[in-house]
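[1] With the input below, show me the fold.
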Amino acid sequence: MSGIYLISILIMLVSWIVSATMKRRFKQYSELPINLTGREIAEKMLKDNGIYDVKVISVPGALTDHYNPLDKTVNLSDWVYEQSNVAAAAVASHECGHAVQHATAYSWLTLRSKLVPAVQISSTWVQWIIMGGFIVLMMTKGAVPWVLLVGIILFAITTIFSFITLPVEFDASARALQWLDSTQLLVGEEHDKAKNALGWAASTYVVAALGSLVTLLYYISIFAGARRRD
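    I've put the predicted structure just below:
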């Protein structure tokens, strides 16, 4: 059990380092100007890939960039949408990478989309059921662990979803970088900076997935311990 605690602390530390580094890199690369805005980058990448039914729109907030397959929109945060720099180009092309995945029926994205309803239900109830499971365990002195098991199953769904997200994110970045290279919109150091920025962004998903896995194993160990006592 102590080993799981130690790994959890280590992952939290790594998560903080990765997140802080990613934000620092994006801030740094946002100071490297290019000729096109994030909106123009996105529109050009969609056009070059023969995608004409996806809209590029601006959404408020920071780090709110995403692709919505339901209404086919590339949603770019205000600064990405309006600014002309390496960081904005990297983010805009990455989100368009998801649009290309959708248009080409990329298998991992399809699987991820199918899991979304289950994940939404799980995310709504999992914390309450796990909390209830711990309360029942304490009240019954570990004799009734089954409520916790339901919570573990729900949490496992979100953990699986986080790992399925990894190939989706890495592939979107690969598509973005390949397109940026083929169009020569970013060359040399600019392309390297975009690759670095997307690499750090992808690392946040890796750390999140590992953190979810460790938490799942922690819950499973508690359930297993209660079953042994029973």
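[2] Strands of this structure, residue ranges please.
    55-59, 66-68, 73-77 (DSSP state E).
[3] deepest of these, which one?
    strand 73-77 (a mean of 22; mean count of other C-beta atoms under 10 Å). Where you see a C-beta, it was placed from the backbone N, CA and C, and this is true even at glycine.
[4] who's in contact with that one?
    Outside strand 73-77, the residues that touch it by C-beta atoms under 8 Å, 6 or more residues apart in numbering are 38-39, 42, 46, 54-68, 91-92, 95-96, 98-99.
[5] what about 6 Å?
    Identification of contacts with strand 73-77 by C-beta atoms under 6 Å, 6 or more residues apart in numbering yields 38, 42, 55-59, 61-62, 64-67, 92, 95-96, 99.
[6] mean confidence score for it?
    If you average the pLDDT over strand 73-77, you get 98.
[7] Figure out how far it is from the centre of its chain.
    15 Å (C-alpha atoms, centre = their mean, to the nearest Å).
[8] Give the partner strands of it in its sheet and their orientations.
    strand 55-59 (parallel), strand 66-68 (antiparallel) (DSSP bridges).
[9] what stretches of this protein score poorly on pLDDT?
    Within the chain, the stretches with pLDDT under 70 are 1-3, 227-230.
[10] tell me, what residue is most central in the chain?
    What sits nearest the mean C-alpha location of the chain, by C-alpha atoms, centre = their mean, is residue 205, with 4.8 Å.
[11] what's the burial count for the residue nearest to it when sequence neighbours are not counted?
    Nearest non-adjacent residue to residue 205, counting by C-beta to C-beta, 6 or more residues apart in numbering: residue 169, 5.1 Å away. When counting by other C-beta atoms under 10 Å, one arrives at 21 neighbours for residue 169.
[12] Likewise for residue 219?
    Neighbour tally, residue 219, other C-beta under 10 Å: 19.
[13] That one against residue 151, yeah?
    No. With contact defined as C-beta atoms under 6 Å, residue 219 does not reach residue 151; the gap is 7.0 Å.
[14] Is it correct that the residue nearest to the centre of the chain is in contact with residue 168?
    No. Counting by C-beta under 6 Å, residue 205 stays clear of residue 168, with 8.9 Å between them.
[15] Tell me where this protein has helices.
    For the chain, applying DSSP state H gives helices covering 2-29, 38-48, 78-82, 86-103, 107-139, 146-183, 189-229.
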